[in-house]
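[1] Let me see the structure of the following:
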Amino acid sequence: MIPTSTRVPVLSVLKTAAAVLSVRGRYQPTSRQWESQQPTASEVRHFMCGINVPDHHLVLQAIKAPEALATAQAVHAWCRTDVPDTDQYRTALASITRSEYVQVGRHFNLLVSAVDAYQREQHRRAVAADFERARQHSRHQGHIGERLTLTLTCKSHTPLNDRQYGYHLQSRTCVRLTDADHNTYIWMASARHLPDPGQTVELTGTVLQHSQRHGIQRTQLTRCRWTPATTS
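    Numbers count the residues shown, from 1 in each chain. Below you'll find the predicted structure:
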């Protein structure tokens with residue numbers, strides 16, 4: 001049993017939480033106790049108090065990586081600056097991070113959750129900035145029926161409704177890609193092997209149509225073939 005009065009450094013909590021999230025790949029809230037994965041706050045608490053956790057060596061490696069400290073410092077600054085007056089969650093975090101230490105049994109779970117909240121907000125801002133760049137710069141490319149070979153970066157996958165062909169069910173995915181000039185391309189793919197989000201590829205496809213969605217001009221491609229882009 002860990003004494004709830006035990007005090008640990010705020011920055012160390014954030015650093016350990018960043019390391020645990022990088023190893024696990026996602027945040028597990030304490031409210032979902034019925035799931036098999038241990039809550040992130042419990043893992044962080046156990047690790048900091050010397051109790052063994054799964055993949056202990058991986059968490060230890062992640063803590064030693066410079067990214068963990070950089071994330072902790074960024075989260076700490078985020079907790080204390082530009083706090084909306086109406087945001088009770090951010091206000092509570094600002095209050096907690098004014099102190100150098102936090103008790104293991106008081107406000108600890110809330111502090112651990114700050115890393116996930118910060119990363120989610122940064123992702124939302126990046127998506128919004130990407131959307132605005134595409135709205136301002138994206139233009140239709142090529143002519144209908146033209147075969148294009150392009151260097152593109154995969155931005156996202158969106159699952160679509162399956163199509164039924166006789167007894168065969170075909171899965172489809174909307175793949176969104178952009179080029180260096182922020183032009184947007186759409187590929188309604190039925191292929192299983194797709195580029196990963198963030199991956200840059202050399203893609204050859206036929207222009208199927210030009211469309212516009214949410215103010216973004218899009219070039220839809222079909223019959224696409226791709227390979228990972230070569231780095232010079």
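
[2] Mind splitting the chain into its structural domains?
    Domain segmentation of the chain under automatic domain parsing yields 7-134, 147-228.

[3] for the protein, longest strand please?
    strand 147-165 (DSSP state E).

[4] Packing partners of the helix or strand just after that one?
    Going down the chain from strand 147-165, the next helix or strand is strand 168-178, by DSSP states H and E. Packed against strand 168-178, as judged by 3 or more Cβ pairs under 8 Å, 6 or more residues apart in numbering; DSSP states H and E, are the following elements: strand 147-165, strand 184-189. Bear in mind the C-beta positions are built from the backbone N, C-alpha and C, glycine included.

[5] Tell me who's in contact with A134.
    178, 182, 184, 216 (Cβ atoms under 8 Å, 6 or more residues apart in numbering).

[6] Confirm that the second one sits in a strand.
    No: under the criterion used here (DSSP: H, G, I helix; E, B strand; the rest coil), H182 is coil, not part of a strand.

[7] Next, the angle from the longest helix belonging to the chain to strand 168-178.
    Selection of the longest helix in the chain by residue count, based on DSSP state H, yields helix 108-137. Angle of helix 108-137 versus strand 168-178, following axes from the mean of the first three to the mean of the last three Cα atoms, to 10 degrees, is 80 degrees.

[8] and helix 108-137 with strand 147-165, angle?
    120 degrees.

[9] Pass me the low-pLDDT residue ranges in the chain, would you?
    Scanning the chain for pLDDT under 70 picks out the ranges 1-4, 163-170, 231-232.

[10] part of a helix, is L69?
    Yes: under three-state DSSP, L69 sits within a helix.

[11] Find the residue closest to it in space, skipping its chain neighbours.
    Setting aside the residues directly before and after it, L69 is nearest to K15 in space (Cβ to Cβ, 6 or more residues apart in numbering), at 5.8 Å.

[12] what's that neighbour in contact with, if anything?
    So K15 contacts 63, 68-69, 71-72 (Cβ under 8 Å, 6+ apart).

[13] Fine by me, we can end here.
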